[in-house]
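>>> Task: produce atomic coordinates for the following.
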Amino acid sequence: MIKGPVEYVVISFEGNHFKGEIIPALKDVVDKGIIRIIDLVFIRKDEDDSITIIELENLEDIVGDQFDPLVEMVSGLVGDEDVALFAQALEPNSSAAVILFEHLWAIELRETVVRANGKLVANGHIPLAAIMELLDAYGQSELE
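Next comes the predicted model:
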């Protein structure tokens, strides 16, 4: 059962040479109970713009073996239409990992808000580049 907020990220890699370098960082947040990966799809876009979609269960190499224990469930929530949209945004000769994950850290907070008769009225994400640009404009290089 999914109880926390769900988010997706699409991480692209140049040259179709995904070797699994992000696996240790993902393993760390999964092992700490910060997130739970609930779907994972790989997309490859060749030089001629042809698209190959690879589901986790179809990865047969060492990268698939490393990803497999990190994904608690393959929900199928990332659908064909989603994948097609993400694939259009990719540059030729690149690949992407589409990761759908649940924010486990937020479950207790959400339950506490509900018990307090509170409700979420807005949420969003601000790209790190935008934050850094604002900090730079204010003469700061980091949050203090």
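>>> At which residues are the strands of the protein located?
In the chain, the strands defined using DSSP state E lie at 6-14, 35-45, 51-55, 94-103.
>>> what pLDDT, on average, does the shortest one get?
For strand 51-55, the mean pLDDT works out to 83.
>>> tilt between it and strand 94-103?
With axes from the mean of the first three to the mean of the last three Cα atoms, to 10 degrees as the basis, strand 51-55 and strand 94-103 are set at 40 degrees to each other.
>>> mind listing what's buried in strand 51-55?
Buried positions in strand 51-55, judged by neighbour count with 16 or more other Cβ atoms under 10 Å: 53-54. The C-beta positions use only the backbone N, C-alpha and C, and glycine is treated the same way.
>>> go on, the first one?
Buried residues in strand 6-14, defined by neighbour count with 16+ other Cβ under 10 Å: 6, 10, 13.
>>> Give me the helices and strands touching it, please.
Applying 3 or more Cβ pairs under 8 Å, 6 or more residues apart in numbering; DSSP states H and E, one finds that strand 6-14 contacts helix 80-89, strand 94-103.
>>> Please convert the ones you listed to a markdown table, extending it with distance to K19 and mean pLDDT.
Listed next are the helices and strands packed on strand 6-14 as a markdown table, based on distance: least, Cβ to Cβ, whole Å; pLDDT from 0 to 100:
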| stretch | distance to K19 | mean pLDDT |
| --- | --- | --- |
| helix 80-89 | 20 | 91 |
| strand 94-103 | 10 | 92 |
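>>> still on that earlier bit, possible to save the strands of the chain as TSV with distance to V121?
Shown next, in TSV, are these (distance: least, Cβ to Cβ, whole Å):
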stretch	distance to V121
strand 6-14	18
strand 35-45	24
strand 51-55	36
strand 94-103	18
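>>> what's the closest of those strands to I23?
strand 94-103 (10.0 Å; Cβ to Cβ).
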